[in-house]
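# pasting the sequence and the predicted model now:
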Amino acid sequence: MRKKSPPYAKCYAKHLGGCNGKSAEHYISRSILKVIGPFKVSGFPWLKQGETKVVSENALTATVLCECHNNTLSDFDSEAMRLINFLKQIDEKETEAELAKIPQKMYIDGLKLEKWLLKTLCAIMASGNYLVDGKGFGSLDVSEYLVDLLY
């Protein structure tokens, strides 16, 4: 009989079961951060008010999911990355002739993209990496309802 693993206490999806240790979750997908970074950030609770800092993608992580639940969401990251790559292609073109060489249509799975946005929201909530009117409120419990929608 297989022993059931205990849930990772900080995994916001622990009520689903199957946790298998901590994972550093990028609240914005690592692949996207690599494409747009390094970059300047401000307004995070771990920065002084008004402070701006240049960071790499590794600075924007939190241990809010276990490895199993984090890996399950990789399809959503891939779909968001497809959209970002397409938009980047457009942004890099300087002339109409260059733009004309880009495919005129791109098909994207809207449900996966919506779930990527929800995943990003859940990670930011669970990590406490947000401010409201300049105030940090710490991590928030992600409701089981949101987690169920996500998974």
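That came through fine.

# list the contacts of the closest residue to Leu140 other than its chain neighbours.
Leaving out its chain neighbours, the residue that sits closest to Leu140 by C-beta to C-beta, 6 or more residues apart in numbering is Met125, at 4.4 Å. C-betas here are computed from N, CA, C, even on glycine. Shown in contact with Met125 (C-beta atoms under 8 Å, 6 or more residues apart in numbering): 12, 139-140, 142.

# buried ones among the residues you listed?
By neighbour count, with 16 or more other C-beta atoms under 10 Å, these hold 12, 139, 142 as buried.

# just the closest of those to Leu65, please.
Tyr12 (6.5 Å; C-beta to C-beta).

# residue contacts, the closest one?
64-65, 122-123, 125-126, 141-142, 147 are the contacts of Tyr12 under C-beta under 8 Å, 6+ apart.

# quick check: mean pLDDT of the strand or helix carrying Cys122?
In the assignment (DSSP states H and E), Cys122 maps to helix 110-127. When pLDDT is averaged over helix 110-127, the result is 93.

# sorry, back to before: looking at the contacts of Tyr12, which is nearest Ser56?
Proximity of the contacts of Tyr12 to Ser56, judged by C-beta to C-beta, is greatest for Ala123, which lies at 17.5 Å.

# surely that closest one meets Leu60?
No: look at Ala123 against Leu60 with C-beta atoms under 8 Å: they stay out of range, at 9.6 Å.
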